[in-house]
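Colleague: Turn this into a model:
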Amino acid sequence: MKIGTTYFRSILYMIFCSSIFIFSFQNTFSQTQKKKDLENKKQELQKEIEYKNKLLEEVKKNKNRSMVQLAILNSKIARQQELISTINKELDIIEGDISETTHTIRLKETELKILKDDYARIISASYKNRDAYSRLMFLFASADFAQAYQRIKYLQYYSEARKKQAGMIEDNQRQLQTKKQELEIKKEQRSKSLGEKEIETGMLSKQKKVKEVVLTDLQAKEKDIRAEIKKKKEQAEKLRKAIEKVIDDQIRKSRLSVKGDIKKITLTPEEKELSDNFESNKGKLPWPLAEGVVTESFGTHDHPDLPGIKVSNNGIDIGTNKGASVRSVFGGTVVAVASVGGIEGKVIIIKHGEYMSVYSNIEEAFVKSGEKIKTKQPIGKVLTDDNSGTALHFEIWKGQSMLNPESWIVK
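Modeller: The predicted model follows:
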């Protein structure tokens, strides 16, 4: 085989491999970003699970098993299932990386063999013209000056080709070694993720058993649960009337517009701007607590685990840690800090133009009526109940209509 053909074959194969490696690099970049996103999600889920563990430990100190404990367990189980699903996605990417890296190593090994075989041919051809006499004779045997010049260029090319071939072999060996190291790292990552999955699967199984115990206990106390739900319904009605009274007071203090049977506050330009800003932040409002778990959602619905039990809520209940500080979800003016007969703790109502946010089950209020409030400003401390634990009741109103707070606060 001629030296030019040998060298050309090496170059062609390297171009072919390079196109594969460029695609591989682009794919690796995409997969690296996906892995980074999954790792961030894993950390967020693990943080949530740890917080729910903390809440469950607090709830366990209470006298009786409660629906709040069941709600926190359900939330924790959902997060653990999501975490396992995230780990599985991570494993899929790692397995794909291992397969791709293994394929790349095979290509590199094939490329290295071709380079070495071609280099051996170059060395063999070079050996035949190894001494100065042979090279001189090769030149002197030229038919004319033009041919002699071509032969000089050929010998130079010969020497350069050998150097380049040796360089390509060294580069290939380095790349091959790097890929083998990458493969070992990916196998370690797979092993780590498999270990995490095993631990989380075990934890999930354990939490499901705990839930079964709590559920069995609650099912045996169905009469008490129905009485508790009835009591909460009565308290919700008292709170609703108190809020409507505040709304009526605000209407009396402002100009009134009436459309059908609906009374509406006429807003000042400043209040209109505040109202519009509140509305534009739907789905982006901060939580009324720095940390918490929604233990009861908005509206009337069947209980997810207790057949025949219906629950109703004019807002949402958020379980949190003992002594947690409550904060305003948006800037506005405090229009009420009051106690409502039959409801433990205080109620704080903040006006945001046409909207109002309501915070109840407050042990201690940090604000007073008429005070201007900023977003996330602490306004009180959550009350802890010996039976159900620590939970804030939170509502959002627009005029005389109750809204689902979960649609307004950030996910």
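
Colleague: what about the residue nearest to Gln219 when sequence neighbours are not counted, how many neighbours?
Modeller: Distances taken as CB to CB, 6 or more residues apart in numbering place Leu306 nearest to Gln219, at 6.7 Å, with adjacent residues excluded. Just so you know, the C-beta spots here come from the backbone N, C-alpha and C atoms, and that holds for glycine as well. A count of nearby residues for Leu306, using other CB atoms under 10 Å, gives 18.

Colleague: quick one: secondary structure of Leu306?
Modeller: coil (DSSP: H, G, I helix; E, B strand; the rest coil).

Colleague: Quick check: it touching Leu218?
Modeller: Yes - Leu306 lies in contact with Leu218 (CB atoms under 8 Å); the separation is 6.6 Å.

Colleague: so what sits against both of those two?
Modeller: Ile225 (CB atoms under 8 Å, 6 or more residues apart in numbering).

Colleague: now Phe298: how far from His393?
Modeller: Distance of Phe298 to His393, computed by CB to CB, to the nearest Å: 11 Å.

Colleague: Buried ones in the helix or strand that contains Arg240, by neighbour count?
Modeller: Using DSSP states H and E, Arg240 maps to helix 222-253. Using 16 or more other CB atoms under 10 Å as the test for burial, helix 222-253 gives 225, 229, 232-233, 235-236, 239, 242-243, 246-247, 250-251.

Colleague: what do you get for stretch 391-411?
Modeller: 391-398, 402-403, 405, 408-409.

Colleague: Stretch 373-387 now?
Modeller: In stretch 373-387, counting by 16+ other CB under 10 Å, buried: 373, 377, 379-384.

Colleague: tell me which of those is nearest to Lys187?
Modeller: Of all these, Val382 has the smallest distance to Lys187: 48.4 Å, by CB to CB.

Colleague: close enough to count as contact, that closest one and Asp317?
Modeller: No - using CB under 8 Å, Val382 makes no contact with Asp317, being 10.9 Å away.

Colleague: Now the common contact residues for these two.
Modeller: Counting by CB under 8 Å, 6+ apart, the common neighbours of Val382 and Asp317 are 391-392.

Colleague: measure Thr312 to His301 for me?
Modeller: I think there's a mix-up here, since residue 312 is Ser and not Thr. Ser312 is 8 Å from His301, by CB to CB.

Colleague: burial of Lys284, as a residue count?
Modeller: Neighbour count for Lys284, taken as other CB under 10 Å: 10.

Colleague: Surely it is in contact with Val410?
Modeller: Yes - contact criterion CB under 8 Å: Lys284 and Val410 qualify, at 5.5 Å.

Colleague: which residues touch Lys322?
Modeller: Lys322 sits next to 58, 384, 390 when contact means CB under 8 Å, 6+ apart.

Colleague: Not counting its neighbours along the chain, what's nearest the second one?
Modeller: Same thing as Thr384. Excluding its sequence neighbours, the residue lying closest to Thr384 (CB to CB, 6+ apart) is Thr390, at 4.4 Å.

Colleague: per-residue pLDDT, that neighbour?
Modeller: Predicted confidence (pLDDT) for Thr390: 87.

Colleague: closest to Leu45 among the buried residues of stretch 373-387?
Modeller: Val382 (24.7 Å).

Colleague: check contacts around the closest one.
Modeller: Neighbour list for Val382: 289, 320, 323-326, 361-363, 390-392 [criterion: CB under 8 Å, 6+ apart].

Colleague: Can you flag the buried ones in the residues you listed?
Modeller: 289, 320, 324, 326, 361-362, 390-392.

Colleague: got the residue ranges for the helices in the stretch 251-400 of the chain?
Modeller: Applying DSSP state H, counting those that start in this stretch to the stretch 251-400 of the chain gives helices spanning 269-280.

Colleague: what do you get for the stretch 1-150 of the chain?
Modeller: 3-60, 67-128, 132-140, 145-219.

Colleague: any idea which of the ones you listed scores lowest on pLDDT?
Modeller: For the helices of the stretch 1-150 of the chain, where the average pLDDT is lowest is helix 132-140, sitting at a mean of 49.

Colleague: where does the nearest residue to Asn404 once chain neighbours are set aside land on pLDDT?
Modeller: Nearest residue to Asn404 in three dimensions, chain neighbours excluded: Phe298, at 4.2 Å (CB to CB, 6+ apart). Note on Phe298: pLDDT of 92.
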